[in-house]
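Enquirer: Okay, sequence plus prediction incoming.
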Amino acid sequence: MTGMILAGGRGTRMGRVDKGLQPFRGGPLAAHVLQRLAPQVAQLAINANRNQAAYASIAVAANSDAPVWQDDLTGFEGPLAGLQTGLRRCETDWLLTAPCDSPFLPDDLGVRLAEALLRDDADLAVAVTMDADESGDAYRRVHPVFALMKKSVLPKLDAYLETGGRRMDGWYGAIKVTQVLFQEAGAFRNINTLADLKDMEKLAEPAASGFGRKASLSAGEAQRIIRDAITPVTAVEKVALRQALERVLATDVISPIDVPAHDNSAMDGYAFRGADLSADAPTTLRVAATVLAGRPSGVHIPTGECARIMTGGVMPDGLDTVLPQELAAAITPDSVTIAPGTIKTGANRRFKGEDLAIGKPALHQGKIVTPADLGLLASLGMAEVPVRRRLRVAFFSTGDELRSIGEALEPGCIYDSNRYTLYGMLTRLGCDVIDMGAVRDDRAALEEALRTACTSADAVITSGGVSAGAADYIKSIMTELGDVGFWNLDMRPGRPMAFGRIASEGRQSWLFGLPGNPVAAMVAFYFFVRPGLMKMMGTTASHFTVRARSAVTLRKKPGRTEYQRGIIYIAPNGEREVRITGSQGSGILRSMSEANCMVVLPHEQGDVAAGELVEVVMFEGLI
Ligand SMILES: Nc1nc2c(c(=O)[nH]1)N[C@H]1C(S)=C(S)[C@@H](COP(=O)(O)OP(=O)(O)OC[C@H]3O[C@@H](n4cnc5c(N)ncnc54)[C@H](O)[C@@H]3O)O[C@H]1N2
Ligand code: MOO
Ligand SMILES: [Mg+2]
């Protein structure tokens with residue numbers, strides 16, 4: 001069976017907060033439900049209509065590949081809409097549901113509902129508990145959100161929804177339902193108000209295991225979530241050829257002509273028919289004409305004769321071989337003699353279309369235009385090139401301690417450096433940058449900055465405020481503006497990070513919240529933001545990676561990815577070697593400036609012995 005966590009509600013009774021994301025005993029509520037449900041089912045899914053990135057990260061943090069499904073019916077139509085979506089998407093015959101606010105759901109919910117479903121040959125089995133009404137009389141309380149049903153009930157549910165019905169048990173008349181009585185009424189307690197949540201915290205039941213620490217993600221998982229979430233911008237513009245340098249090609253470029261346009265000579269020398277060469281004696285050919293580059297030849301060379309030809313000169317019809325003049329045995333003003341065995345038939349003849357053939361793709365869309373591509377496009381005679389529009393990226397730093405250049409550095413303050421590293425990295429990536437300055441640790445100022453950034457840019461990058469500090473308001477504001485997940489990555493440096501989508505005044509923007517520490521911000525940019533922005537630009541990120549021997553022993557804990565700043569060089573034995581630059585503290589920007597590469601030590605890796613090969617990502621494309 002597939003288990004589905006119903007987290008698609010509006011949270012009306014909780015002041016519209018997203019219930020499943022409310023913190024409870026060290027983890028979001030939905031994560032507790034996920035932990036309880038996961039061992040009971042073959043597959044898991046989460047039904048959520050907002051904050052999908054946050055739900056996706058809950059799943060990943062629990063090592064689950066549960067997808068997040070949004071209601072097909074729009075407009076928060078209630079849990080039945082979630083059920084419909086679940087039944088449509090689930091790949092198993094049975095679907096088990098539980099709400100996101102029931103952290104104590106029974107461990108045997110699935111098994112017991114399944115037994116009843118089979119025994120009674122029912123379409124749906126629903127949990128009930130004995131409860132007391134206001135006058136103290138016992139009654140069976142039905143919990144329709146805790147149910148197991150066959151996928152085959154979908155048409156009945158569709159029909160009920162068609163009629164406008166939205167009650168969770170309103171469609172039970174149309175199918176065969178069986179009830180399963182559970183004794184543990186407390187297990188079905190759900191949390192409707194923030195007061196309930198507080199009460200529940202106090203309950204004796206121990207917290208579900210695994211949430212003593214903040215949910216964490218591996219670097220690879222975070223990269224995957226970003227890659228899967230982002231879609232490219234679609235707008236295209238035509239720019240003059242030179243302006244296309246470093247831009248992303250928006251369409252395939254189909255060659256309108258053959259390049260070269262004619263068969264031609266690769267050498268200065270003599271063109272002739274290979275068949276005229278004698279295998280065992282010198283061959284002397286009369287020079288019938290001279291062919292210079294850039295002029296149509298139009299000459300006819302009779303058998304047994306040749307043409308004096310220059311590099312790039314059009315091959316006269318019928319000739320197939322060119323002898324470079326320096327290989328001739330003898331040359332007179334009107335003849336050339338070729339010794340036997342000097343040259344093979346077909347040598348030094350360049351074919352029409354051998355570089356680029358008419359009608360064939362010369363360059364593929366998504367390619368970043370290089371100097372070689374500019375030349376190639378020029379050889380096709382293209383004056384204009386279709387490219388994707390540039391990304392607009394807004395960024396600002398956060399922190400009361402930050403001063404901008406030109407301002408006095410009061411005690412306790414530092415100059416803002418992240419905006420400059422970000423400016424540099426974004427500019428190199430070809431983005432239009434909007435530098436919004438340093439923003440104080442002040443709710444209103446931060447909210448204003450985020451809203452402005454969101455309405456003016458495709459992506460917003462902030463630095464600072466994503467960890468646990470007292471003045472780190474940025475998290476709560478980001479959550480208010482959209483669907484943002486806060487990650488504690490298994491990596492170093494750059495552990496805390498935020499990613500998601502924010503909206504203001506009908507405009508949406510991707511948000512990357514980088515850690516404040518200057519090196520952490522750069523590392524997070526290179527390995528998470530850059531690939532995301534490149535996908536948005538319509539291209540794929542690649543790093544120039546090489547392997548090199550570590551000059552020294554490197555200490556490394558398994559279970560996290562480490563990015564160490566390094567200097568790669570050629571050792572006296574001719575091999576590539578890498579050493580680490582000084583202190584690796586995440587505030588030490590100097591060691592980043594001295595580095596020419598990053599040594600990437602993967603998640604599982606332990607200590608590295610001197611002389612062992614490590615993976616190195618170059619800062620520059622060419623060493
Ligand atoms: N109790 C914990 N404390 C911290 C944790 C943790 O897990 N538990 N994580 C640490 C790590 S790792 C990092 S990285 C930082 C990230 O903190 P924030 O993103 O909240 O950033 P801030 O607190 O605002 O700043 C951290 C640090 O960086 C300096 N900074 C900030 N912005 C700039 C800038 N634009 N230019 C130069 N320097 C900047 C700031 O002054 C702080 O020194 O949290 C750790 N703490
Ligand atoms: O993100 Mo932090 O860099 O690990 O100091
Ligand atoms: Mg902080």
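Expert: Received, thanks. Ligands and ions are numbered 1, 2, ... in the order given.
Enquirer: thought residue 385 was touching residue 242?
Expert: No - using C-beta atoms under 8 Å, residue 385 makes no contact with residue 242, being 9.5 Å away. The way it works is simple: take the backbone N, C-alpha and C, and place the C-beta from them, glycine included.
Enquirer: Compare the two and say which is more crowded by neighbours.
Expert: Between residue 385 and residue 242, residue 385 has the larger neighbour count (other C-beta atoms under 10 Å), namely 24 against 9.
Enquirer: Return the distance of the nearest residue to that one once chain neighbours are set aside relative to residue 377.
Expert: Leaving aside its sequence neighbours, residue 385 sits nearest to residue 244 (C-beta to C-beta, 6 or more residues apart in numbering; 4.0 Å). Plainly put, residue 244 is 7 Å away from residue 377 if you go by C-beta to C-beta, to the nearest Å.
Enquirer: Can you name the residue of this structure nearest ligand 1?
Expert: Using C-beta to the nearest ligand atom, residue 516 is the residue of the chain that sits closest to ligand 1, at 2.5 Å.
Enquirer: contacting residues for that residue?
Expert: Residue 516 makes contacts with 397, 398, 399, 418, 463, 464, 465, 466, 467, as judged by C-beta atoms under 8 Å, 6 or more residues apart in numbering.
Enquirer: at 10 Å what do you get?
Expert: Residues in contact with residue 516 (C-beta atoms under 10 Å, 6 or more residues apart in numbering) are 397-399, 401-402, 418, 462-467, 469, 472, 474, 496, 586-587.
Enquirer: now residue 17
Expert: With contact set as C-beta under 10 Å, 6+ apart, residue 17 has these partners: 10, 11, 194, 197, 479, 480.
Enquirer: which bits of the stretch 51-200 of the chain sit near ligand 3?
Expert: Within the stretch 51-200 of the chain, not a single residue sits near ligand 3 (C-beta under 5 Å from the ion).
Enquirer: what ranges do the strands span in the stretch 51-200 of the chain?
Expert: For the stretch 51-200 of the chain, the strands defined by DSSP state E, counting those that start in this stretch occupy 68-69, 94-99, 124-132, 138-150, 177-181.
Enquirer: what's the shortest one in contact with?
Expert: Read it as strand 68-69. 4-5, 7-8, 45-49, 51-59, 82, 85-86, 88-90.
Enquirer: In the chain, where is pLDDT below threshold?
Expert: The model of the chain has pLDDT under 70 over residues 134, 136, 201-215, 297, 470, 621-623.
Enquirer: Show me which residues of it are close to ligand 1?
Expert: Counting by C-beta under 6 Å from any ligand atom, the residues of the chain close to ligand 1 are 397, 399, 401-402, 414, 416-418, 463-469, 472, 495-496, 515-518, 520, 586-587.
Enquirer: hmm, back to that, surely the residue nearest to residue 385 touches residue 390?
Expert: No - Residue 244 is beyond contact range of residue 390, at 11.9 Å (criterion: C-beta atoms under 10 Å).
Enquirer: is residue 141 in a bridge, and if so with what?
Expert: Beta bridges link residue 141 to residue 129 when assigned by DSSP bridges.
Enquirer: returning to that earlier point: which of the contacts of residue 17 count as buried?
Expert: 11, 197, 479 (16 or more other C-beta atoms under 10 Å).
Enquirer: could you dump the residues you listed to TSV with distance to ligand 2?
Expert: TSV is the format used below for the buried ones among the contacts of residue 17 (distance: C-beta to the nearest ligand atom, whole Å):
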residue	distance to ligand 2
11	31
197	30
479	20
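Enquirer: what number of residues lie near residue 315?
Expert: The burial count for residue 315: 24, using other C-beta under 10 Å.
Enquirer: correct me, but it touches residue 296?
Expert: No - using C-beta under 10 Å, residue 315 is not in contact with residue 296, being 11.5 Å away.
Enquirer: follow-up on the earlier one: compare residue 244 and residue 390 (neighbour count), which wins?
Expert: residue 244 (21 against 18).
Enquirer: Distance check, the more buried one against residue 382.
Expert: 9 Å.
Enquirer: what residues are shared contacts of these two?
Expert: Applying C-beta under 10 Å, 6+ apart, one finds that residue 244 and residue 382 are jointly contacted by residue 374.
Enquirer: one step back: which pair of the contacts of residue 17 spans the longest distance?
Expert: Farthest-apart pair in those is 197 and 480; separation 18.7 Å (C-beta to C-beta).
Enquirer: mind listing the helices for the protein?
Expert: 29-37, 52-61, 79-89, 109-119, 154-162, 194-202, 219-229, 371-379, 418-428, 443-456, 474-481, 518-524, 530-537, 590-594 (DSSP state H).
Enquirer: Just want the angle from the second one to helix 474-481.
Expert: Orientation of helix 52-61 against helix 474-481 (axes from the mean of the first three to the mean of the last three C-alpha atoms, to 10 degrees) gives an angle of 120 degrees.
Enquirer: Touching both of residue 385 and residue 242, which residues are there?
Expert: For the pair residue 385 and residue 242, residues contacting each of them under the criterion C-beta under 10 Å, 6+ apart are residue 374.
Enquirer: so how far is ligand 3 from residue 303?
Expert: Distance of residue 303 to ligand 3, given as C-beta to the ion, to the nearest Å: 86 Å.
Enquirer: do residue 471 as well
Expert: From residue 471 to ligand 3 the distance is 7 Å (C-beta to the ion).
Enquirer: for residue 94, same thing?
Expert: In terms of C-beta to the ion, residue 94 sits 46 Å off from ligand 3.
Enquirer: how about that residue, what does it touch?
Expert: By C-beta under 10 Å, 6+ apart, the residues touching residue 94 are 1-3, 41-42, 110, 113-114, 117, 124-125, 148-152.
Enquirer: Please type out the PyMOL selection for whichever of those residues turn out to be buried.
Expert: In PyMOL, a selection of the buried entries from those looks like this (16+ other C-beta under 10 Å):
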select buried, resi 1+2+3+41+110+113+114+117+124+125+148+149+150+151
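Enquirer: Which of the contacts of residue 94 sits closest to ligand 3?
Expert: Nearest to ligand 3 among the contacts of residue 94 is residue 3, at 36.9 Å by C-beta to the ion.
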